[in-house]
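Asks: Can you look at this prediction? I've put the sequence above it.
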Amino acid sequence: MIADMQRARQLAWELPKLGWEVEVLSPSTEYQPATCVDEDSAAFFSPHSHVHCVARMWPGMFKIARIGNIGWRAVLPLWSAGKRLLRQKHFDLIYISTAQFPLFLLGRIWQRRFGVPYILDIHDPVYKEGARHPVWAQPSLKHRVSSALAKHLEAHVAKGAQGLIAVSPNYIDTLRQRYEAREPAWLRSGRCDAIPFSALPQDLSEARSGLTPYSERNGPPYRMVYVGVGGPVMARSFTLFSRALSRLRMRSGSLCEGIRVELFGTTLGWQPGEARGLADIAAKWGVGDLVREEPGRLSYRRSLEVLLQSDGALIFGVEDAGYMPSKLFSYALSGRPLLATLHREGPAFSLFQKISKLGHALWIGQNDDMPLERATSELEIFVHEVVTRQIFDRRSSIAQYLAPAMARRHVDLFEACL
């Protein structure tokens, strides 16, 4: 139930309603860290989809070689299983939706062998110019080799893709600039689209079952929750939030008296005794007593339950202008007051400007941040909504970003590619 499989999970529910049969080919759960396998989330998967899971191959060899990337470990088993499926029955197209970029190679291999067109779904940049290592790690030979491979991998698969989907228009613009001269098929009419992560309404209905009705709870503490990655990648956006919260507390202590900020699932593989990076930032700005960080991962069901039991929802973004939060529309659909801290040039921030009912947004820029007084005023409005326990019906405002509408856009692109 990690973020980069949510697109396929939602489409498995919606595409059959639009005349498209779905079969899913995936690495088995044994490839994943145990904490990423949810025992309570079966109801979130379509029971009608055919799913083919491949087992690990040569796990000892990869362990000795210190190769943990699921894409490289799973590429051969998936190639073999996909080859068998493509020989056995007819498929109209192959849609590869993952952040495990080595698996993009399979599309071109299968297209050459069986003539089935492939479409790529880009969740993050495959290759980022000048990025020799992840922002959360020290540079190493391994990261430099990985970056070089990513550059060649991107060029190889981008040339052969018949269609291209990305969660952010920034990613499509980058690929267009790099490969337009090669005239790839995905630049033809209707074959390329920026489709952000959607929300599946039935997910919230499923998570809500068994919970105490929100209207039956009252009084402080008023809980503002965030579930997702934290650490260095979110440090700048969370710092702006903490500074604004500190200023608001000095200006209106009574308003902040009953609020609590709760952060969950911020560090994959976190162990007791290790640092709580976002809580440390809050302490630095004098609001540590208002913030609780629980870095251990929550299951998908539990993350939605926490959201539905909260009085407000928070989203923190990264410094990549193309970043699109996967949880944005699920949080909006919950009806909770929503505040996000995002890159000013990013597509998510643009959505807050475009959809007035979406919520409130603070911004970080390329070289500056939102002026603190403005950020504090925006936060004050949000906190007032939280402590007065307001609920917002945003469904009509975000209908075009819900799973049924997003599946329709996928189908339009699929048909253009055929």
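Replies: The structure has been received and is ready for your questions.
Asks: what about V261, which SS state?
Replies: Following DSSP: H, G, I helix; E, B strand; the rest coil, we place V261 in the strand state.
Asks: again but with P404, I slipped
Replies: P404 ends up helix, using three-state DSSP.
Asks: With Y95 as the reference, measure out to it.
Replies: 18 Å (Cβ to Cβ, to the nearest Å). For glycine as for every other residue, the C-beta is placed from the backbone atoms N, C-alpha and C.
Asks: of the two, who's got more company?
Replies: Between P404 and Y95, counted using other Cβ atoms under 10 Å, Y95 has the larger neighbour count: 23 against 16.
Asks: My reading is that the more buried one lies in a strand. Confirm?
Replies: Yes - if the criterion is three-state DSSP, then Y95 is within a strand.
Asks: wait, doesn't it sit right on D121?
Replies: Yes - applying Cβ atoms under 8 Å as the test, Y95 and D121 come out as touching, 6.7 Å apart.
Asks: And the helices in the stretch 1-150 of the chain?
Replies: For the stretch 1-150 of the chain, the helices identified by DSSP state H, counting those that start in this stretch occupy 6-14, 59-64, 70-88, 105-114, 141-160, in order along the chain.
Asks: neighbouring contacts of the second one?
Replies: So that's helix 59-64. Residues lying outside helix 59-64 but in contact with it, judged by Cβ atoms under 8 Å, 6 or more residues apart in numbering, are G68, W72, R73.
Asks: cool, and the fourth one?
Replies: Outside helix 105-114, the residues within contact range by Cβ under 8 Å, 6+ apart are 75, 78-79, 82-83, 86-87, 94, 96, 116-120, 153, 156-157, 160-162.
Asks: Show me how to select, in ChimeraX, the buried members of the residues you listed.
Replies: Written as a ChimeraX command, the selection of buried residues from the contacts of helix 105-114, which uses 16 or more other Cβ atoms under 10 Å, is:
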select :75,78,79,82,86,94,96,116,117,118,119,120,153,157,160,161,162
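Asks: looking at this structure, which helix or strand is least sure?
Replies: Among the secondary structure pieces of the chain, namely its helices and strands, helix 141-160 has the lowest mean (mean pLDDT, DSSP states H and E), a mean of 80.
Asks: Going by contacts, tell me the helices and strands next to that helix.
Replies: Using 3 or more Cβ pairs under 8 Å, 6 or more residues apart in numbering; DSSP states H and E as the contact test, the elements touching helix 141-160 are helix 105-114, strand 118-122, helix 169-179.
Asks: Can I get these in a markdown table including distance to G346 and mean pLDDT?
Replies: Rendered in a markdown table, the data for the helices and strands packed on helix 141-160 read as follows (distance: least, Cβ to Cβ, whole Å; pLDDT from 0 to 100):
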| stretch | distance to G346 | mean pLDDT |
| --- | --- | --- |
| helix 105-114 | 28 | 96 |
| strand 118-122 | 15 | 96 |
| helix 169-179 | 7 | 94 |
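Asks: Among these, which comes closest to I2?
Replies: With Cβ to Cβ as the measure, strand 118-122 is the member of the helices and strands packed on helix 141-160 nearest I2 (14.7 Å).
Asks: now the helices for the stretch 201-350 of the chain?
Replies: If DSSP H, counting those that start in this stretch is used as the criterion, the helices of the stretch 201-350 of the chain fall at 201-208, 235-251, 253-256, 277-284, 300-308, 328-333, 347-354.
Asks: Show me what the third one is packed against.
Replies: When you say that, I think you mean helix 253-256. helix 235-251, helix 372-387.
Asks: Name the residues that touch that helix?
Replies: Among residues not part of helix 253-256, those counted as contacts by Cβ under 8 Å, 6+ apart are L245, L248, R249, L290, E380, V383, H384, V387.
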